[in-house]
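[1] fold the following, please.
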Amino acid sequence: MPTKAKVGHIIWHDLLTQNVAQAKHFYAGLLNWNYQIEHASDFVWKPGEAEYPLIFINGEAHGGFVDFEPAYRSRWTAYVMVQNTDAVTAKAKSLGLRILREPFDTPGVGRSSLIQDPQGALICPTCPTHTFPAPSGTFLWDELITDDVESTTLLYCGLFGWRFQKNDMTQTGGDAVLKRTDSTNHIQITNQFFGAVGFAAWIPYLATSDIDTAIVTAKQLGASVCKEDIFSPGSGTKKAILKDPVGAMFGLLAPNP
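    Got it, this is the predicted structure:
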């Protein structure tokens, strides 16, 4: 059952990509995603008319695809629910983050902005203006891959009110599992896979019932594998990190039974 959206939760994902058609074909072939095209007269990411393909699974929208500027590499970006987008964006500036898109309104959806942390990862604070429940069951986990876990963790905790326990980190960096404002933990910051990924990025883990089969299919569809056979002690499942044919990083994860 969809859960009620809460402050501090990641409630939406967009794929910013240089080739929407190729990306749609890939994820449909890999995960059987369906799409519904939303026509916008003033698009959320740039002025003018545009089509916004929504990811539809079991009748529920989970995210979208955006034809993004060629100057930026293809990547997934997450929307974090906040109470006041303008206040969080101003705070981001004070913390040294770069504002790539000042707060903007999407009629019937909410007010968002796009920010970039000092390591180059992108994330969107957003304040919804609707009462729809948060989608669930497709985007299972979000992980920030970075080579500076300690300062990055402090930065995001200061920005979104997330918390962490000091024993989650080693003196050399390691991992930090972040707890949201309701004390649940579905966010992790880690340097374990920075060498395999090669740059700082937020990576969503997508639900699949069979990771091994999904990896084979992903390769056949043009993806490359950055890291596989990653054991997740908390759930007893495996996960993997891949790069889609347009260059966006993402993970695969089997839901915890």
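
[2] drop to CA atoms for contacts and neighbour counts, all remaining ones
    Fine.

[3] count of neighbours near H39?
    Number of residues near H39 (other C-alpha atoms under 10 Å) recorded here: 12.

[4] same question, C124
    25.

[5] which elements pack onto the strand or helix carrying W12?
    Element membership of W12, judged by DSSP states H and E, is strand 10-17. Packing partners of strand 10-17 (3 or more C-alpha pairs under 8 Å, 6 or more residues apart in numbering; DSSP states H and E): strand 60-67, strand 75-81.

[6] so which of those is the most packed in?
    Here the criterion is mean neighbour count by mean count of other C-alpha atoms under 10 Å, and of those the winner is strand 75-81, at a mean of 23.

[7] re earlier: worst mean pLDDT among the helices and strands packed on strand 10-17?
    In terms of average pLDDT, strand 60-67 trails the rest of the helices and strands packed on strand 10-17, at a mean of 90.

[8] export the helices and strands packed on strand 10-17 as TSV, with columns for distance to F199.
    Below are the helices and strands packed on strand 10-17 laid out as TSV (distance: least, C-alpha to C-alpha, whole Å):
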stretch	distance to F199
strand 60-67	21
strand 75-81	11
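
[9] excluding chain neighbours, give the residue nearest to A61 in space.
    Sequence neighbours aside, I55 is the residue nearest to A61 in space, at 5.5 Å (criterion: C-alpha to C-alpha, 6 or more residues apart in numbering).

[10] so the one you found bridges to which residues?
    Beta-bridge partners for I55, by DSSP bridges, are Y35, G63.

[11] mind checking the pLDDT average for the strand holding W12?
    92.

[12] checking L252 next. Helix, strand or coil?
    strand (DSSP: H, G, I helix; E, B strand; the rest coil).

[13] quick check: it vs A218, distance?
    10 Å (C-alpha to C-alpha, to the nearest Å).

[14] ok, the two, which is more surrounded?
    L252 (26 against 22).

[15] tell me who's in contact with that one.
    Y205, L206, A207, T208, I211, K239, A240, I241, L242 (C-alpha atoms under 8 Å, 6 or more residues apart in numbering).

[16] who's in contact with the closest residue to G247 other than its chain neighbours?
    Distances taken as C-alpha to C-alpha, 6+ apart put S74 closest to G247, at 5.5 Å, once the chain neighbours are dropped. Contacts here follow C-alpha under 8 Å, 6+ apart; on that basis S74 touches L15, L16, T17, Q18, F68, V246, G247, A248.

[17] ok, so of those residues, who is nearest E150?
    Comparing those against E150 with C-alpha to C-alpha places A248 closest, at 24.8 Å.

[18] what's the separation between the residue nearest to that closest one when sequence neighbours are not counted and K6?
    Counting by C-alpha to C-alpha, 6+ apart, A248 lies nearest to R75, which is 4.2 Å off, once chain neighbours are set aside. Counting by C-alpha to C-alpha, the gap from R75 to K6 is 25 Å.

[19] show me where the stretch 1-150 of the chain has its strands.
    10-17, 34-40, 50-57, 60-67, 75-81, 98-106, 110-116, 122-128, 139-145 (DSSP state E, counting those that start in this stretch).

[20] sounds good, over and out.
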